[in-house]
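>>> fold the following.
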Amino acid sequence: MTVSESLSAQDVVAEPGGAGPGSLGEDRDARIGTSFGRYAARKVGGAVVSLVMVVLLGFFAFRVLPGDPVATMTRGKVMSAQQLATLKRQLGLDRSLMAQFWIYLRDLPQGKLGTSYSFRRPVTEIIAEHLVPTLLLMGISAVIAIVLGLWVGQKSAWVRDSLFDRGNTAVALILWSVPTFWLGLLLLLVFGGTLHVLPTGGMQTAGSTATGLVHVWDVARHLVLPVITMVAVTYAQYLLVMRASLLEEMHEPYLTTARGKGLREDLVRRRHAVPNALLPTVTLVFLHLGTLVAGAVTVETVFSWPGLGYLTYQALTGPDLPLLQGTFVVFSTIVILMNLIADLLYRFLDPRVRAA
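Residues are numbered from 1 along each chain as shown. Next up, the predicted model:
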């Protein structure tokens with residue numbers, strides 16, 4: 001019997017206890033499953049710890065902001081010292097910092113984020129009203145930026161150093177380096193102030209009572225400039241990462257084999273090169289979805305879009321501490337959740353990470 005035959009025979013020898021030939025594969029699958037379970041548990045645990053730390057530290061971070069909420073609310077009004085003291089007591093600002101912190105911790109697990117100083121309403125209700133416009137703006141912008149960036153990136157890599165590649169890469173780099181607020185103001189000036197072809201602020205026409213398709217069209221027109229602004233400054237990242245990933249794959253042996261089988265270049269790119277180049281890009285997509293929140297604050301403020309970003313800006317002018325804490329919790333949760341999904345998805349997609 002040869003060495004290879006001896007090894008093959010050993011692979012199928014029954015293990016003690018009666019396990020059959022398939023036990024090796026089952027044990028391997030069980031080990032992989034257990035490994036992924038430990039990996040997922042570790043990542044979820046880290047995300048929970050991060051969220052708890054952010055929530056706790058956020059309370060104290062907003063307390064060091066300059067400004068007095070009571071003074072801001074009573075600006076321009078004649079108020080006696082007794083009236084100011086009463087207002088502070090109503091807002092809970094007469095309590096010590098630790099007493100306020102205890103109330104914050106007590107209410108947080110119940111979903112209570114306090115009462116807004118400015119709106120005199122529960123923060124949870126206010127955030128719920130402004131969450132949908134933010135998700136609408138971020139969702140549309142993310143989809144367009146991802147599709148556009150990945151499509152242009154893989155096209156540019158396949159025709160490297162061509163006029164198409166150089167032109168698109170240069171434009172993407174320029175837009176990526178432009179400050180978001182500056183680009184938004186420029187679009188406002190051109191399309192709203194000079195050409196007067198698009199709305200310059202809000203989510204719908206002031207005083208409009210339209211419903212149905214007329215309302216949808218009105219909202220869509222108000223979305224154009226904010227979406228263009230967010231897409232212009234974000235799609236470049238997807239383009240550049242996709243381009244770099246595909247360039248690394250272009251000289252791999254499996255592509256030479258695919259060409260040797262007679263496949264057209266278009267099929268070689270779409271069926272073989274692009275799927276392998278997508279791995280780092282998929283991770284970037286989910287990581288960047290969390291960072292879109294920062295862009296949403298700037299864009300919503302410039303275009304007076306009634307979302308969480310604009311709400312945060314309004315809360316800062318107070319400062320409206322409960323509202324700031326509430327939006328901070330929501331934004332932090334989105335960022336941490338997107339990072340967690342990116343970690344888990346990358347482990348699931350890339351066999352090299354699973355093997356490690």
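>>> please make it C-alpha for all contacts and neighbour counts, starting now.
OK.
>>> may I have the phi/psi pair for Val159?
phi -120, psi 50 (degrees, to the nearest 10).
>>> again with Gly207
In this entry, Gly207 is assigned phi and psi values of phi 80, psi 0 (degrees, to the nearest 10).
>>> just give me the neighbour total for it.
The tally of other residues near Gly207 (other CA atoms under 10 Å) stands at 6.
>>> can you pull the pLDDT of it?
At Gly207 the predicted local confidence, pLDDT, stands at 79.
>>> same deal with Gln204?
The predicted local distance difference test score for Gln204 is 86.
>>> let me see the contact set for it.
Under the criterion of CA atoms under 8 Å, 6 or more residues apart in numbering, the neighbours of Gln204 are His215, Asp218, Val219, His222.
>>> now do the same contact list for the second one.
What that stands for is Asp218. Gln204, Thr205.
>>> cool, and the first one?
Contacts here follow CA under 8 Å, 6+ apart; on that basis His215 touches Gln204.
>>> do the third one as well
Applying CA under 8 Å, 6+ apart, one finds that Val219 lies in contact with Met203, Gln204.
>>> likewise for the last one?
With contacts defined as CA under 8 Å, 6+ apart, His222 is in contact with Leu198, Pro199, Thr200, Gly201, Gly202, Met203, Gln204.
>>> picking up where we left off before, now, the contacts of Gln204 that are in helices?
When DSSP state H is applied, those are split such that His215, Asp218, Val219, His222 fall in helices.
>>> how much space between Thr283 and Ala145?
15 Å (CA to CA, to the nearest Å).
>>> neighbour count: these two, which is higher?
Between Thr283 and Ala145, counted using other CA under 10 Å, the more crowded position is Ala145 (25 against 20).
>>> as TSV, the ones in helices among the contacts of Gln204 with distance to Ser118 and pLDDT would be great.
Putting the ones in helices among the contacts of Gln204 into TSV (distance: CA to CA, whole Å; pLDDT from 0 to 100) gives the following:
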residue	distance to Ser118	pLDDT
His215	29	87
Asp218	29	90
Val219	27	90
His222	26	91
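>>> could I get these as CSV with distance to Ala170?
Conversion of the ones in helices among the contacts of Gln204 to CSV gives the following (distance: CA to CA, whole Å):
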residue, distance to Ala170
His215, 38
Asp218, 34
Val219, 32
His222, 29
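>>> hey, which helix is longest across this structure?
Looking across the chain with DSSP H, the single longest helix is helix 23-63.
>>> tell me where the stretch 201-350 of the chain has helices.
With DSSP state H, counting those that start in this stretch, the ranges of helices along the stretch 201-350 of the chain come out as 212-249, 253-260, 265-267, 274-302, 308-316, 321-349.
>>> for Gln83, find the nearest of the ones you listed.
Distance to Gln83, taken as CA to CA, is lowest for helix 321-349 among the helices of the stretch 201-350 of the chain, at 20.5 Å.
>>> how far is that closest one from where the chain is centred?
From the chain centre to the centre of helix 321-349 is a distance of 8 Å (CA atoms, centre = their mean, to the nearest Å).
>>> the longest helix of the chain to helix 308-316, inter-axis angle?
Relative orientation of helix 23-63 with respect to helix 308-316: 30 degrees, computed using axes from the mean of the first three to the mean of the last three CA atoms, to 10 degrees.
>>> just after helix 23-63, pick out the following helix or strand.
Scanning the chain past helix 23-63 towards its C-terminal end, the next helix or strand to appear is helix 69-73 (assignment: DSSP states H and E).
>>> what comes up buried for that next one?
By neighbour count, with 16 or more other CA atoms under 10 Å as the criterion, the buried positions of helix 69-73 are Pro69, Val70.
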